[in-house]
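**Q** Structure for this input, please:
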Amino acid sequence: MRALFQPVWLWNAAIGIVLPLIYINTIIALMNKFVEKGFPPDLSRKIIHIAAGSWIWVWPLMDPSDGWSYVFNIAVAFLWFLMFLLKGLKGSPDDPAVKTMTRTGDPHELLRGPLFFTVSMMFVGVFLFMKFIGVAIMGYLGWGDGIAPYVGKRWGKHKYRLLGREKSIEGSISVFVAGFLGSLLLYILVFLSLPTMAEIIRLVILGIVAVLVEAVSPADVDNLAIPAALYLTDLVL
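**A** The predicted structure is shown next:
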């Protein structure tokens, strides 16, 4: 089938743009419908967060042989970046994107956590394509950091406070557990194999770093701080 898309960039454009668009928009549409029917908006945001961070499942379908067109994999993240800028600056509280992706219904919230998340996605998609650390970052950022606030809010009974932000031990544990499991799943989807023991140990170390960074990061900044910390940690492992 790939022979039908020549040169290579046509294939990569189709895989990197069309598939993620269908995938992400389907998830968002489903969550919008569920929220309208009473589904918890905060859980809806987390599911979208996790789904967005898992877009790297398209990586093994792409052909990096031309050395550049694999960057089409960030097309949806870039479109979201532009959308968050536009809706964050001029959006309405009644906008479906604002309702689904913000905690308070304030459009300006899109200019913080959600916007930073797309920046991290673009960095990973361009510079860490088909690399172990790229998979680990999206596992801990998408899955771990994605589910932690919901777990902490719903089941967090053992509170602690760092840098003025109240956290829970339960939420911090979920950063590691969900992030580690998400990283394993994404590793399998991207590399079509199981990680080695050495890679599992790296994931454990990176998970501990993710927990610590999430615990001390100011509100919304963790979408930048966690990827940066994991990337720098992996350089010295």
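
**Q** Quick one: distance of stretch 37-55 to the chain centre.
**A** Centre-to-centre, stretch 37-55 and its host chain are 11 Å apart (Cα atoms, centre = their mean, to the nearest Å).

**Q** who's in contact with that stretch?
**A** With Cβ atoms under 8 Å, 6 or more residues apart in numbering as the contact definition, stretch 37-55 has outside contacts at 20, 23-24, 27-28, 31, 34-35, 73, 76-77, 80, 99-103, 117, 121, 138-139, 141-143, 146-147, 149-150, 153, 182, 185-186, 189. The C-beta positions use only the backbone N, C-alpha and C, and glycine is treated the same way.

**Q** Can you give me the buried ones in it?
**A** Neighbour-count burial for stretch 37-55, counted by 16 or more other Cβ atoms under 10 Å, picks out 41, 43-55.

**Q** quick one: which two of the residues you listed are the most distant?
**A** 41 and 55 (22.0 Å; Cβ to Cβ).

**Q** What ranges in the protein fall below the confidence cut-off?
**A** The model of the chain has pLDDT under 70 over residues 1-6, 91, 96-97, 99-103, 163-164.

**Q** any idea how it splits into domains?
**A** 1-127, 131-237 (automatic domain parsing).

**Q** how close does the residue most central in space within the chain sit to residue 226?
**A** For the chain, residue 53 is the residue whose C-alpha lies nearest the centre (Cα atoms, centre = their mean; 2.6 Å). Relative to residue 226, residue 53 is positioned 11 Å away (Cβ to Cβ, to the nearest Å).

**Q** shared neighbours of the two, which are they?
**A** Taking Cβ under 8 Å, 6+ apart as the contact rule, residue 53 and residue 226 both touch residue 141.

**Q** Would you enumerate the residues in contact with residue 111?
**A** 84-85, 88-89.

**Q** longest helix in this protein, by residue count?
**A** When the chain is parsed with DSSP state H, its longest helix is helix 169-191.

**Q** now for that one, which elements pack on it?
**A** If you count contacts as 3 or more Cβ pairs under 8 Å, 6 or more residues apart in numbering; DSSP states H and E, helix 169-191 packs onto helix 132-138, helix 145-155, helix 197-216.

**Q** got JSON lines for those helices, with distance to residue 69 and mean neighbour count too?
**A** Listed next are the helices and strands packed on helix 169-191 as JSON lines, based on distance: least, Cβ to Cβ, whole Å; neighbours: other Cβ atoms under 10 Å:
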{"stretch": "helix 132-138", "distance to residue 69": "17", "mean neighbour count": "25"}
{"stretch": "helix 145-155", "distance to residue 69": "29", "mean neighbour count": "21"}
{"stretch": "helix 197-216", "distance to residue 69": "28", "mean neighbour count": "18"}
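
**Q** With distance to residue 94 as added columns, please give those in TSV.
**A** Output for the helices and strands packed on helix 169-191, formatted as TSV (distance: least, Cβ to Cβ, whole Å):
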stretch	distance to residue 94
helix 132-138	31
helix 145-155	24
helix 197-216	32
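
**Q** And the residue nearest to the centre of the chain, how close does it get to residue 110?
**A** 17 Å.

**Q** Need the CA coordinates for the helix or strand harbouring residue 122. CSV is fine.
**A** Counting by DSSP states H and E, the element that carries residue 122 is helix 113-127. C-alpha atoms of helix 113-127 as CSV (Å, rounded to 0.1, in the frame of the first residue of the first chain):
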residue,chain,number,x,y,z
GLY,A,113,-1.5,23.4,30.9
PRO,A,114,-3.2,22.4,27.6
LEU,A,115,-0.9,24.7,25.5
PHE,A,116,2.2,23.5,27.3
PHE,A,117,1.2,19.9,26.7
THR,A,118,1.1,20.5,22.9
VAL,A,119,4.6,22.1,23.1
SER,A,120,5.9,18.9,24.8
MET,A,121,4.2,16.7,22.2
MET,A,122,5.8,18.7,19.4
PHE,A,123,9.3,18.4,21.0
VAL,A,124,8.9,14.7,21.4
GLY,A,125,7.6,14.2,17.9
VAL,A,126,10.4,16.1,16.3
PHE,A,127,13.5,15.4,18.4
